[in-house]
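>>> fold the following and give me the result.
(2 chains)
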There are 2 protein chains.
Amino acid sequence: MGADQFYAMNGGDGYQSYAKNSSFQGGATEAANEIIKEEISKKLDSTSTDIIRIADFGCSTGPNTFHAMQIIVETIKKKIETQFAVFDKMPEFQVFFNDRASNDFNTLFVSLRSERQYYAAGVPGSFHGRLFPKASLHFAYSSCTLNWLSEVPKEVVDPLSPAWNEGKILYYGDKNEVINAYAAQYAKDFNSFLKARAEELVSGGLMALLIGVEPNPTKNVSSISLPSFELLGSCLMDLAKKGLLDIAKVDSFNLPSYFPYLNELKALIERNQDFSIERMEILSNPPKRLTTPDAKSFALFMRALIEGLLQNHFGSEIMDELFKRYEEKVEEFELLLNPNENSMITFVLLKCNRMT
Amino acid sequence: MGADQFYAMNGGDGYQSYAKNSSFQGGATEAANEIIKEEISKKLDSTSTDIIRIADFGCSTGPNTFHAMQIIVETIKKKIETQFAVFDKMPEFQVFFNDRASNDFNTLFVSLRSERQYYAAGVPGSFHGRLFPKASLHFAYSSCTLNWLSEVPKEVVDPLSPAWNEGKILYYGDKNEVINAYAAQYAKDFNSFLKARAEELVSGGLMALLIGVEPNPTKNVSSISLPSFELLGSCLMDLAKKGLLDIAKVDSFNLPSYFPYLNELKALIERNQDFSIERMEILSNPPKRLTTPDAKSFALFMRALIEGLLQNHFGSEIMDELFKRYEEKVEEFELLLNPNENSMITFVLLKCNRMT
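Below is the predicted model:
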């Protein structure tokens, strides 16, 4: 599996887990609920089947995925009930929870409520490839996961490349080559995602995506600011200066994450002929300064997201020290008040028009 | 979930895991392969669908389930290829791995081979109830799992009941009331299993079951012998006598397991109108004295099976001591040479005749 196995959010349900530190993502899910309800009522054509199959791509361990799936199932049920007052055969629902094989499915499964309205299944594997049989899904969903790349662009960790991202862990520097490498990887990965889903969805099936985005660029590349990651990068450099980490080790660490510009994302979707954009808008989700209101909770939020990747590269011993320092710096630099600490998430509803 | 969560086989892939101590069950799977191939070739009608869905009920963590699923998928593919030389549209396969929610699905998922010929999903939950939408499976499989009861019959742990199973952990005593309570629970559970599967399988779908059985009774109840469990019960009593366990605690522990007589099993199946028996025969699987040839491996085999249940009742501190003692007694009493140490497994192929 390679690095694949380190992508997963922190497992379990302890105080450092994703399950306990995902209120920011939960806010996005919440904010999308009403739009999803409206769109399903208007656009989902799913009344001629005995079984409705729904999948969440990148579900992690809950609880956000459970809320989202419940809303979707309830809304589809309501639509069918309203449409066919004498409908005597309500379809059954099967919900598939997908994430990397290294995701903590054990925690996900024991957290499933027994009184749910659907049959549940977990599907391990990368959503950049095929995960389901052809035309077997009616509704696909993915929240805050399409900012992950399938891998770090090779050039940015290659000291001989003009895109070498020395001393930084994401594309916040002023090198065009770095951001271009990230953008190219994103385009490739996003296209793979759409291609796979186009095969898996039935014709007319809907897909709701929540994706972290940057506002459209008005200035040049050197203005890119990702303060929460810059701070983390600086903490790694601090530890290197103190001799606790090897400097070359820090140089060779980059995060496989990317936040596309809105226009960029739209263009990527339009490049794929199998989907039409039915709705696209910025969510009014609560910003991080509300969902993680202090340095401690923000550091835990970040830790739950990327500790696996950091551990894989730097070992686990240094993690407590790193995130202690990170928490201090989040406090010291008033990260949560930084206007560039972006919490912007776009909602996109796509309809699959592929004829199978 | 109640006791549900302790049913699972030992997780992980360490030396005490089910994954490393299931060669007996693996032998049964192996022994059934040829029969399954033959029966699929003769009887499976699955050529008019784009997706073939298969489920393993009680899959545990592998590797046995992977071998079984591979054989089934390959055989169905071969059948389709042979039948339709110009068949240009091979169906896709989706395999569902079911076990209790407490099963170690994480280990199962990371053990999945990436070059498999099917899309995989895990389905958490008890197979005594519904787990899949109606008529959504073409082939069901279950190996060495239908000897588990959904719960210990209440009477056998009730000191006021005539069925109180004092000082014993299974129905090896000479009380008719005890074995009757176990048999009644088995009948109820097996019926629930068949009822659920009859709803989930398509009409014409096949189900292959491998079930541990006793030869048909020729003598009276007092002749029932389950030496491996009797030995384990005696180890618990030994620890109680040494003051390491509370005697009342031992009295209140019983295993939720039952090995039906062949005729009994046949009658239970025939009671259900939705299935016809297409084949039923005793497997020539390797006996335990071959798959777990020494006391150490036999003790590990038993530990991987039931440690969860024991831990739940007695706590985890005593487990090492208990299984050390068990290993010694397996050796001392030459358990593996005991002709009553049963390794008899029957293969049953059922066809679902339910009209949906």
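>>> keeping just the C-alphas, turn stretch A:252-262 into CSV.
Extracted as CSV, the C-alpha positions of stretch A:252-262 are listed here (Å, rounded to 0.1, in the frame of the first residue of the first chain):
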residue,chain,number,x,y,z
SER,A,252,11.7,15.9,2.3
PHE,A,253,8.3,16.2,4.1
ASN,A,254,5.4,17.7,2.2
LEU,A,255,1.7,17.3,2.7
PRO,A,256,-0.5,15.7,0.0
SER,A,257,-3.1,18.4,0.2
TYR,A,258,-4.4,21.1,-2.1
PHE,A,259,-7.1,23.7,-2.0
PRO,A,260,-8.1,24.7,-5.5
TYR,A,261,-9.4,28.1,-6.5
LEU,A,262,-13.1,28.1,-7.3
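>>> please compute how far it lies from its chain's middle.
12 Å (CA atoms, centre = their mean, to the nearest Å).
>>> pull out the buried residues from that stretch.
In terms of neighbour count (16 or more other CB atoms under 10 Å in any protein chain shown), stretch A:252-262 has its buried residues at A:Ser252, A:Phe253, A:Asn254, A:Leu255, A:Pro256, A:Ser257, A:Tyr258, A:Phe259, A:Pro260, A:Leu262. (Each C-beta comes from the backbone N, C-alpha and C, glycine too.)
>>> what mean pLDDT does it get?
Average pLDDT, stretch A:252-262: 95.
>>> I'd assumed A:Leu350 was in contact with A:Gly204.
No - using CB atoms under 8 Å, A:Gly204 is not in contact with A:Leu350, being 11.5 Å away.
>>> would you mind telling me which of the two has more residues around it?
Counted by other CB atoms under 10 Å in any protein chain shown, A:Gly204 and A:Leu350 do not tie: A:Leu350 has more neighbours, with 24 against 14.
>>> how about A:Arg113: what's its closest non-neighbour residue?
Spatial nearest neighbour of A:Arg113, excluding adjacent residues (CB to CB, 6 or more residues apart in numbering or on different chains): A:Phe66 at 7.0 Å.
>>> what is the neighbour count of that neighbour?
20.
>>> and the gap between it and A:Ile54?
Separation of A:Phe66 from A:Ile54 (CB to CB, to the nearest Å) stands at 12 Å.
>>> again with A:Lys134
Applying CB to CB, the value for A:Lys134 to A:Ile54 is 17 Å.
>>> who has more neighbours out of these two?
The neighbour count for A:Lys134 versus A:Ile54, taken as other CB under 10 Å, is higher for A:Ile54 (23 against 17).
>>> ok but that one is inside a strand, no?
Yes - assessed by DSSP: H, G, I helix; E, B strand; the rest coil, A:Ile54 belongs to a strand.
>>> I figured it hits A:Glu92, correct?
No - judged on CB under 8 Å, A:Ile54 makes no contact with A:Glu92 at a distance of 11.6 Å.
>>> now do the shared contacts for those two.
A:Tyr118 (CB atoms under 8 Å, 6 or more residues apart in numbering or on different chains).
>>> with adjacent residues omitted, what lies nearest to A:Gln117?
A:Val73 (5.3 Å).
>>> does A:Asp238 count as helix, strand or coil?
Here A:Asp238 is helix, with the state taken from three-state DSSP.
>>> then A:Leu268?
What three-state DSSP gives for A:Leu268 is helix.
>>> is it true that it touches A:Asn191?
Yes - using CB under 8 Å, A:Leu268 makes contact with A:Asn191 at a distance of 6.8 Å.
>>> quick one: which of the two has more around it?
A:Leu268 (19 against 15).
>>> and the pLDDT at that one?
Value for A:Leu268, per-residue pLDDT: 97.
>>> can you list the residues of chain A near chain B?
Within reach of chain B by CB under 8 Å from any CB of the partner chain, chain A has these residues: A:1, A:5, A:50-51, A:92-94, A:96, A:101-102, A:104-106, A:109-110, A:112, A:114, A:119-125, A:130-136.
>>> now the buried members of those residues.
A:51, A:92-94, A:96, A:101-102, A:104-106, A:109-110, A:112, A:119-125, A:130-136.
>>> tell me which of those residues fall in helices.
A:Phe105, A:Asn106, A:Phe109, A:Val110 (DSSP state H).
>>> residue contacts, the second one?
The one in question is A:Asn106. A:Gly11, B:Ser102, B:Asp104, B:Phe105, B:Asn106.
>>> hmm, 6 Å instead?
By CB atoms under 6 Å, 6 or more residues apart in numbering or on different chains, the contact list for A:Asn106 reads B:Phe105, B:Asn106.
>>> likewise the third one?
If a contact means CB under 6 Å, 6+ apart, then A:Phe109 has B:Ala101, B:Pro124 as its contacts.
>>> make it 7 Å
If you count contacts by CB atoms under 7 Å, 6 or more residues apart in numbering or on different chains, A:Phe109 has them with A:Gly122, B:Ala101, B:Phe105, B:Pro124.
>>> same deal with A:Ser225?
By CB under 7 Å, 6+ apart, the residues touching A:Ser225 are A:Tyr172, A:Asn340.
>>> if you set the cut-off to 6 Å instead, what comes out?
A:Asn340.
>>> skip the chain neighbours and tell me the closest residue to the spatially most central residue of chain A.
Closest to where the C-alpha atoms of chain A average out (CA atoms, centre = their mean) is A:Thr145, at 1.3 Å. Once flanking residues are discounted, A:Thr145 sits nearest to A:Gly58: 2.8 Å by CB to CB, 6+ apart.
>>> quick revisit: what two of the contacts of A:Phe109 are the furthest from one another?
A:Gly122 and B:Ala101 (10.4 Å; CB to CB).
>>> where along the stretch 251-356 of chain A do the helices fall?
A:262-271, A:288-291, A:295-314, A:319-332 (DSSP state H, counting those that start in this stretch).
>>> for A:Met1, give me the pLDDT.
Reported pLDDT for A:Met1: 37.
>>> which ones are touching A:Val157?
With CB under 6 Å, 6+ apart, A:Val157 has these contacts: A:Ser252, A:Asn254.
>>> wait, what's in contact with the residue of the stretch 201-350 of chain A at minimum distance from chain B?
As assessed by CB to the nearest CB, chain B sits closest to A:Val202 within the stretch 201-350 of chain A, at 11.3 Å. By CB under 6 Å, 6+ apart, A:Val202 lies in contact with A:Ala135, A:His138.
>>> in its sheet, what does the helix or strand hosting it sit against?
Element membership of A:Val202 [criterion: DSSP states H and E] is strand A:201-212. Strand pairing for strand A:201-212, using DSSP bridges, gives strand A:137-143 (parallel), strand A:345-352 (antiparallel).
>>> could I have the CA atoms of it written out in CSV?
Written as CSV, here are the backbone C-alpha positions of strand A:201-212 (Å, rounded to 0.1, in the frame of the first residue of the first chain):
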residue,chain,number,x,y,z
LEU,A,201,-23.1,6.0,-10.6
VAL,A,202,-26.3,5.2,-12.5
SER,A,203,-27.2,7.6,-15.3
GLY,A,204,-29.1,10.4,-13.6
GLY,A,205,-27.4,9.7,-10.3
LEU,A,206,-26.4,12.7,-8.1
MET,A,207,-23.1,13.5,-6.4
ALA,A,208,-22.7,16.1,-3.6
LEU,A,209,-19.2,17.3,-3.0
LEU,A,210,-18.0,19.6,-0.2
ILE,A,211,-14.5,20.8,-1.1
GLY,A,212,-12.2,23.3,0.7
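>>> so what angle separates the directions of that strand and helix A:262-271?
If you take axes from the mean of the first three to the mean of the last three CA atoms, to 10 degrees, strand A:201-212 sits at 170 degrees to helix A:262-271.
>>> surely A:Ala140 is in contact with A:Ala55?
Yes - under the criterion of CB atoms under 6 Å, A:Ala140 makes contact with A:Ala55 at 5.3 Å.
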